[in-house]
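# I'd like to go over a predicted model; first the sequence, then the structure.
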There are 2 protein chains.
Amino acid sequence: MSTQTTRTTQSRTTQRARRPVTVVPGPAAQVDVPLLEQVLLGRWADIRRSARALLADPRLHRVEGQSAAEHRERVLAQLRILAAEGDVLRSFPAALGGADDHGGSLARFEEVVTADPSLQIKAGVQWGLFASSILHLGTAGHHERLLPAAMSVEVPGAFAMTETGHGSDVASIGTTATYDPQTQEFDLHTPFRAAWKDYLGNAAMHGTAAVVFAQLVTAGVNHGVHAFYVPLRDPATLDFLPGISGQDDGLKGGLNGIDNGRLRFEHVRVPRHDLLNRYGAVAPDGAYSSPIASPGRRFFTMLGTLVQGRVSLDGAAVNTSKLALIIAVSYANERRQFTGPSVTDEVVLLDYAEHQRRLLPLLAQTYAQVFAHERMLETFDGVFSGAKDTEADRQDLETIAAALKPTSTWHALTTLQAAREACGGAGFLTENRLVSLRADLDVYVTFEGDNTVLLQLVAKRLLADHAKEFKDVDAGGLARYVAGRAADAALHRTPLLRVVQTLADGGDVRRTAGHLRETEAQRELLTDRVETMVAEVAAALRPATKAPRDEAARRFNEHQHALIECARAHADLLQWEAFTAGLSKVDDPGTRQVLTWLRDLFGLTVIERNLAWYLINGRLSAGRARTITSYVERLLTRLRPHAQDLVDAFGFGPEHVRASIATGAERDRQDEAREYYRRLRASGDEPVQERSAPRR
Amino acid sequence: MSTQTTRTTQSRTTQRARRPVTVVPGPAAQVDVPLLEQVLLGRWADIRRSARALLADPRLHRVEGQSAAEHRERVLAQLRILAAEGDVLRSFPAALGGADDHGGSLARFEEVVTADPSLQIKAGVQWGLFASSILHLGTAGHHERLLPAAMSVEVPGAFAMTETGHGSDVASIGTTATYDPQTQEFDLHTPFRAAWKDYLGNAAMHGTAAVVFAQLVTAGVNHGVHAFYVPLRDPATLDFLPGISGQDDGLKGGLNGIDNGRLRFEHVRVPRHDLLNRYGAVAPDGAYSSPIASPGRRFFTMLGTLVQGRVSLDGAAVNTSKLALIIAVSYANERRQFTGPSVTDEVVLLDYAEHQRRLLPLLAQTYAQVFAHERMLETFDGVFSGAKDTEADRQDLETIAAALKPTSTWHALTTLQAAREACGGAGFLTENRLVSLRADLDVYVTFEGDNTVLLQLVAKRLLADHAKEFKDVDAGGLARYVAGRAADAALHRTPLLRVVQTLADGGDVRRTAGHLRETEAQRELLTDRVETMVAEVAAALRPATKAPRDEAARRFNEHQHALIECARAHADLLQWEAFTAGLSKVDDPGTRQVLTWLRDLFGLTVIERNLAWYLINGRLSAGRARTITSYVERLLTRLRPHAQDLVDAFGFGPEHVRASIATGAERDRQDEAREYYRRLRASGDEPVQERSAPRR
């Protein structure tokens, strides 16, 4: 480990020395990198640091070029290393060898993505899904009997929820578990091909047991989806047990270190006591009981225990965006291409305005996501530790996770691709990591809840909150509200509001831009957009709530895109608010100044992206809208000298980044080439350029 | 081959039978699929059909899961199959065994991407770059002596232009070829690490020769970049020849069937006659001569002969988008998820408004690109056949290629990713092809001219055209022009134009939407945007043309983003114009109606994407802007029933698509599941849902 530490220190020094050569005129503000690093590491900084120290170990790193079979075996071996050395049980009860530390456990887990996303997800399947569902859906007997082997990976386990025919719509899965009071067993059965369990990690090869989700039927009543503990394979031979068969999902676009596969159950008998019965139990005679009377609420409570998957994918996606930006910004600060102001010196890529446009807004959003994730993790810790665990807290957590996981996973793909393109051909080489990380992260946008489906959950919650506001308003009030909306729409058509604003703005572009730089102005614009959009959709959908099913479905479908846009706007606001709150954690004035510019860049690029909405709805005049782009450009110029500091503050060393082009190699090449030409010019042997040569 | 044909026919029948089950109310317009297929195949329909027939051969298909080493050998073997059976010499002179058919040759080549993008690019390196540069940059002696072995792949060759330190900036490469009159040889040398040739197909393993680009120096004068034919390896042993060394680029994000590598030349002696001397020759005594006096024009003429690379990448990218949409639309027409209007029937994915939003605008843009590519290919054929080969024609061709190649390659990545996400977890499985195609196409956006660099070439051309317009205007006129712009800017700040429009529009949303549906209205909006943006940037940059170099560079950099936006707007217009012109090729009224909706969808989504610009610049009132989104939504509803026909008309069979989920397998699974539940309901044995069960 001492070698690792030395390498880290060297790297930080290298990175600090790698200042842009071209001096961009800018204010004197400087980033205090160690201080900022500490802020970004957040409440669980020590745990993240210790995880990173462990993850510097080459035994845990992806070896590129392995076959899928080799990669799968390597990741299984790594999983056992994590079990032995990785402090992976923090979230489990102290009584069972854990630490009852939910936030810390996820913080640690999120860092694993830097070693290999396959290892992160394999670990997520084992501890976050398989063992965790025994813990959260089972009761004391299950904990004693089943958890130790799941926690130690003595039993690698699958989480058999998804079916070929049903992914995000878990409630509609086809697998049935029908209770037979004669034998006190459930008959677990896959009735048709679409009901095969599918895409399950550990199912193709390594899993010797699974938690299987099925429709629990007893005494002729379907009580909905419940979880069952089911042995899959003989641990010695790894042959399937009787009645169980499966298929390997084969190669995938990424994450090939995981043995995803399909499972089929043909009348497999499951003992009554292997129903994980915390939220629903069956007595020997077949009588069903549950602490939660409503089948709907019971279902969502069971699924709610699995929110940690979404929370941790958010954190892992943000960490991957950090890696991408470290690579692209470091390279862009060294790589030169085309001459500019000087005839002899080529321009450093990050001095190009377009290169700043491509990378720095992504950096700003990544910062916003770091702060947003930290807030969510604190909420998660409050709920799971029981410190703040009301029904409202849980619902908030689920909504936040449903908003942030789509945002950060899509952002990671966008950032990895922008970084790859910003590095040109070098970015396409596997040795520079961007392409493999992108391949692995791809599926993050559709698993653990398809992003588009999750955003609809957020939108439904926004509508429900909005509706609550007029729960106590009588019919007259409601009518007034609708009338108010109509008046508002008329206002939009003849944009008086905007005309007023145009006149008030006058020609003073500076003051206008200054206004948009103010925190309250950004907040107002971002908040107003969410509220107005939700109110509009709510008004349009209100008739649907009383319409027949088909009419209601048609109306909701008509507004599906608008609902998703509401959710996106809400997610933007969540990130912006978290970033703004994060500014107060920074005492150093220079660092705070730079971070404030970065927050402004995030806020204004969100507004710029939705500029048409602000114009159409009279929230911004054309004159003010014009200033946004120029202010964004000014912010890019201001932030450019601090870009390296801002990625250095992520605190990853070269043992985590592991990209050849982010090691200083490019600077060495550029220096050698420049030195060659300098000497050639000095020597007097430099060939004359044809256009300057005397004509013969 | 008869088996293949049968499979194609079966598939077409299957696809026709795969009509959406849910009936969406829509007009009676029907697409005549065979007719549309013929239109889309264009002028070289027969060649494309014969290429597709050959490419149905499994010997030419990618085998997933091969190691990079196996894949490389397979692709080399496939290259030899193409050489023997693939009619690959169409573009070469008849005297040398070719057909002097330039457009047909590229049309054929573009189809190869369906077999394996690695094969396409390996073929492109061999015939499109290596042999082609001997043909276009060499003279008769080279053609006789070197071309036959290059054409037959007896000599697999590398195209050694790019260096580690210089990609798009070819003029700045570091490799030198210094003429030595004593021995009548060039001394080919790599002076520093950044000047190693890099990313070259055939360089890591298979290439026994290369066309090497270097700065030609003779008699103390550097005449700029020229091409040299250089043997690399002993054909028997494949050992490097003396003075030549190299490295394997190793694994890449895709295209791993190609052996990309690096080359270093240490004072390698190249005989004088191996300079490819069409555009620049050196006499035995070292005297340089060229038919093109200007070094700048000579350089661009030499590079211009290579425009076919960009043209064919555009075509290949469009073909890949077609494959992605066939897969995603076919699956979306079969896959069901979540119940909607009916309690028992789940909704077919493509009936969801958001799913239509995700896929159909991409389909519209793909159609636009099919027509735009066909136009460009005709221009290319005119130039290279000599039928229409003025300097202006060549410049037009280069500008069009620089505009379309970025657009279609980025579009292919967007489309492949949208298709992959629209197919959920199934889209992530390699067996469904989307992930591998995306991995392969990734590098298309940065090779053969980085997309961002190409768009700047387009912008420079737009500026030059714009400037020409006032070449004959005197200083007074110019001043008036500038004054006119200023007045225009003032108008924007107080948007009188828009206020007028708002009043004129009144409340008649239908009429407004109708207006935007008109071809001329769309043309005006799209054209006006390009012209206005170019004029604005030109006005802002005019002072820079007379400023000192550093000041000029700073100004251009300040407007770099705006310049790129101009180029994008121009590319949008090119595609829209091509699509609009394409409508006239369709005589069948139903087909034409559907295509017109599709063209409208393309035009209006482009306008919707840039809506803020139209609002800020007073081109659209807020009221009219609002109608765009609702009209886009109406178009999606209209087009939805025709989506399958529109992808079927691409004319690819299952032997080209090769995706498990686009074979009808999903429909079979859905039918089986629905039948199971139907029987269960009919049997009376269906368990009661808990919420409907009598309380005990």
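Here it is on my side, so go on. Residues are numbered from 1 along each chain as shown, chains lettered A, B, ... in the order given.
# What ranges in the stretch 351-500 of chain A fall below the confidence cut-off?
A:468-500 (pLDDT under 70).
# Residue numbers of the stretch 51-200 of chain A in contact with chain B?
Proximity of the stretch 51-200 of chain A to chain B, by C-beta under 8 Å from any C-beta of the partner chain, involves residues A:64-65, A:67-68, A:162, A:164-169, A:172, A:174, A:191-195, A:198-199. C-betas here are computed from N, CA, C, even on glycine.
# what are the ranges of the strands in chain A?
Secondary structure of chain A (DSSP state E): strands at A:157-160, A:176-180, A:185-189, A:197-200, A:209-218, A:221-231, A:244-248, A:261-265, A:268-271, A:281-282, A:288-289, A:336-339, A:346-348, A:688-689.
# The fifth one vs strand A:176-180, what angle?
It refers to strand A:209-218. 60 degrees (axes from the mean of the first three to the mean of the last three C-alpha atoms, to 10 degrees).
# Let me know whether strand A:209-218 sits next to chain B.
Yes. Applying C-beta under 8 Å from any C-beta, one finds that strand A:209-218 is in contact with chain B at A:215, A:217.
# So what are the sheet partners of that strand and their directions?
strand A:157-160 (parallel), strand A:176-180 (parallel), strand A:221-231 (antiparallel) (DSSP bridges).
# So which of these is the most surrounded?
strand A:157-160 (a mean of 29; mean count of other C-beta atoms under 10 Å in any protein chain shown).
# Can you tell me the number of residues neighbouring A:L595?
Close neighbours of A:L595, defined as other C-beta atoms under 10 Å in any protein chain shown, add up to 27.
# And the closest residue to chain B within the stretch 151-300 of chain A, how far from B:D274?
For the stretch 151-300 of chain A, the residue closest to chain B is A:G253, as judged by C-beta to the nearest C-beta, at 2.8 Å. Using C-beta to C-beta, to the nearest Å, A:G253 is found at 44 Å from B:D274.
# So between the two, which is more surrounded?
Each of A:G253 and B:D274 has its neighbours counted (other C-beta under 10 Å); B:D274 has more, 25 against 21.
# my read: the more buried one touches B:V230, true?
Yes. Using C-beta atoms under 8 Å as the test, B:D274 is close enough to B:V230 to be in contact (6.9 Å).
# got TSV for the strands paired with strand A:209-218, with mean pLDDT too?
Formatted as TSV, those follow (pLDDT from 0 to 100):
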stretch	mean pLDDT
strand A:157-160	98
strand A:176-180	98
strand A:221-231	98
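# Can I get these in a markdown table including distance to A:G427?
As requested, these are arranged in a markdown table below (distance: least, C-beta to C-beta, whole Å):
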| stretch | distance to A:G427 |
| --- | --- |
| strand A:157-160 | 35 |
| strand A:176-180 | 49 |
| strand A:221-231 | 43 |
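# out of those strands, nearest to B:Y279?
strand A:157-160 (64.7 Å; C-beta to C-beta).
# Now do that closest one: everything it contacts.
Contacts to strand A:157-160, defined as C-beta atoms under 8 Å, 6 or more residues apart in numbering or on different chains, come from residues A:125-126, A:129-131, A:133, A:150, A:197, A:200-203, A:207-213, A:230, A:232, A:263.
# in chain A, what spans have low per-residue confidence?
By pLDDT under 70, the low-scoring segments of chain A are A:1-27, A:468-514, A:695-696.
# Kind regards, and thank you for your time.
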